[in-house]
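Engineer: what shape does this take:
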Amino acid sequence: MEAKAMIHGVTRFALSFLHVMCRIGQLASVIAGILIVVTATQGHVLWEHMTLYGKSIDQLVQNVGMAGIETGNGLNGADSDMASALLVLVVIAAVYALILILIGLQAFIKLIKNVKAGQFFVADNVHQLRRLVWIEGFDLVGGWVFSLLAAGVTQHYDLSLDLEPLIQLAVTFVIYILMKYGVALQQDADAMI
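Structural biologist: Model (predicted):
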């Protein structure tokens, strides 16, 4: 039975739905990036309900206010230098995270297209999974760096370890290894025929 014929009905619908959701996610990420940069250049960021790498931005701003020596015209009573540093840090971290999201969604889209075409154990799928492993790694390191920098700016050292990115990296890596060996087995089987 041909591999492409195996994908039908509900599976084809689910893959098409995931493809559309990835495209919507890309569009939303681009819009979010534009909004973050535009609002930051105007001197403020939409802080309410915004989290970045598991840290509530609103809470970080309040911590800057508590850590500020003078309660002047800064952000939420924070020292203006600390508020500016936090603003720059948040914008850089947000753009970094959005770039990772865009690259990851593009890799998912390519994986979905290959599966819909019946190409399961091919080198391109291994390449896309490797991209996802790197993205997960960069996300993990970026989250740690953001936490350390935010702690330095706010002088509020709550460096609790979030294990979710580490678990995501481990799961993605295991899937990558399985796919890599699956492709090698497929190539060996094709060479024997």
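
Engineer: other SSEs contacting the longest helix seen in the chain?
Structural biologist: In the chain, ranked by residue count with DSSP state H as the criterion, the top helix is helix 80-116. In this structure, helix 80-116 packs against helix 9-41, strand 51-52, helix 57-67, helix 123-154, with contacts taken as 3 or more CB pairs under 8 Å, 6 or more residues apart in numbering; DSSP states H and E. C-beta: built from backbone N, CA, C; applies to glycine.

Engineer: just put these in CSV and tack on distance to Gln187 and mean neighbour count.
Structural biologist: Listed next are these as CSV, based on distance: least, CB to CB, whole Å; neighbours: other CB atoms under 10 Å:
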stretch, distance to Gln187, mean neighbour count
helix 9-41, 24, 13
strand 51-52, 42, 16
helix 57-67, 48, 19
helix 123-154, 9, 18
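
Engineer: lowest-confidence stretch among the ones you listed?
Structural biologist: Within those, confidence is poorest for helix 57-67, with a mean of 59 (mean pLDDT).

Engineer: nearest residue to the residue most central in space within the chain in space, please, no chain neighbours.
Structural biologist: Within the chain, one residue has its C-alpha closest to the average C-alpha position: by CA atoms, centre = their mean, that is Ile101, at 4.1 Å. Sequence neighbours aside, Ser29 is the residue nearest to Ile101 in space, at 4.9 Å (criterion: CB to CB, 6 or more residues apart in numbering).

Engineer: Ile103 is in contact with the one you found, correct?
Structural biologist: No. Ser29 lies out of contact with Ile103 (CB atoms under 8 Å); the separation is 10.2 Å.

Engineer: which residues touch Ile99?
Structural biologist: Counting by CB atoms under 8 Å, 6 or more residues apart in numbering, Ile99 makes contact with nothing.
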